[in-house]
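S.K.: give me coordinates for this.
(3 chains)
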Amino acid sequence: MLVLPNGVRHFPGFLDSDEQEALLADIRAVVTAAPLYVPTMPKTGKPMSVRMTNCGPLGWVTDKERGYRYQDTHPEIGNPWPPMPERLLALWEAVAEYPHPPEACLVNYYTDTAKMGLHQDRDEKDFAAPVVSVSLGNACLFRVGGTSRSAKTVSFRLESGDVVVLGGEERLCYHGVDRIYPDTSPLLRNSGRINLTLRRVNPPTAS
DNA sequence: GAGTGGCG
DNA sequence: CCGC
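M.R.: Residues are numbered from 1 along each chain as shown, chains lettered A, B, ... in the order given. Below is the predicted model of the structure:
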């Protein structure tokens, strides 16, 4: 495990190729049940370059009219999100250092030209839980800054099977994807990248 | 309550 | 690629 200058934890090669294939099979089943859709920006309706879906009890969605939010159904087909695959719950348990399961797994599909601007994950009510990110398929150039937009950023390459954890002081760090490196992983037949983002949305209820 | 885009 |  590597700790970057800004404190973000990076686990290179956390998943071996068999584990990546097994996880990809789980995600293919998720996408069959809950198709990828084109998210749009609040107010402007401008489409984002990534395609999205979710699994787990809650999913992160955005559209022109209602903006960024979590909801328990797919915005286009209206069905509940498919369940969180067991191996993602196990991955969370292995790296999150947090005693409650994630409620949402956002599936982002990047074509080789897709990007994600610098942003914070701040639509959750529980910032005590970390954000856990899993990379599959082509490599990307990932940028992480501090908790203000103007803080200096560091960039590094994420490969298929890598896991990144934003937790503790780094939970609200700005981050984004500047570039996909085409033809750098055979996992998706060299076509694009999948990022899985596991998040806790609500604080655990006392029980 | 806007915003994870876009440009030099 | 990174700062604005």
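S.K.: now the residue of chain A at minimum distance from DNA strand C: closest residue in space, sequence neighbours ignored.
M.R.: Residue of chain A nearest DNA strand C, by C-beta to the nearest atom of the strand: residue A:155 (3.1 Å). Heads up, the C-betas are built off the backbone N, CA and C, glycines and all. Of all residues not flanking residue A:155 in the chain, residue A:143 sits nearest, at 4.8 Å (C-beta to C-beta, 6 or more residues apart in numbering).
S.K.: just to be sure, the one you found is in a strand?
M.R.: Yes: counting by DSSP: H, G, I helix; E, B strand; the rest coil, residue A:143 falls inside a strand.
S.K.: the helix or strand of chain A with the lowest mean pLDDT: how far from the chain's middle?
M.R.: The weakest-scoring helix or strand in chain A, judged by mean pLDDT, DSSP states H and E, is strand A:2-3 (a mean of 91). Centre-to-centre, strand A:2-3 and its host chain are 19 Å apart (C-alpha atoms, centre = their mean, to the nearest Å).
S.K.: after it comes which helix or strand?
M.R.: Toward the C-terminus, strand A:2-3 is succeeded by strand A:9-11 as the next helix or strand (DSSP states H and E).
S.K.: that following strand pairs with which strands?
M.R.: Looking at strand A:9-11 with DSSP bridges, its partner strands are strand A:2-3 (antiparallel), strand A:163-166 (antiparallel).
S.K.: want to throw those into a markdown table with mean neighbour count and distance to DNA strand C?
M.R.: Below are the strands paired with strand A:9-11 laid out as a markdown table (neighbours: other C-beta atoms under 10 Å; distance: least, C-beta to the nearest atom of the strand, whole Å):
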| stretch | mean neighbour count | distance to DNA strand C |
| --- | --- | --- |
| strand A:2-3 | 10 | 17 |
| strand A:163-166 | 24 | 16 |
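S.K.: could you pull up the residues touching residue A:101?
M.R.: Contacts here follow C-beta atoms under 8 Å, 6 or more residues apart in numbering; on that basis residue A:101 touches A:84, A:89, A:92, A:93, A:200.
S.K.: can you flag which of the residues you listed belong to strands?
M.R.: Among the contacts of residue A:101, no member falls in strands (DSSP state E).
S.K.: now, of the residues you listed, which are buried?
M.R.: A:84, A:89, A:92, A:200 (16 or more other C-beta atoms under 10 Å).
S.K.: same list (the residues you listed) but as TSV, adding distance to DNA strand B.
M.R.: Below are the buried ones among the contacts of residue A:101 laid out as TSV (distance: C-beta to the nearest atom of the strand, whole Å):
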residue	distance to DNA strand B
A:84	18
A:89	22
A:92	19
A:200	15
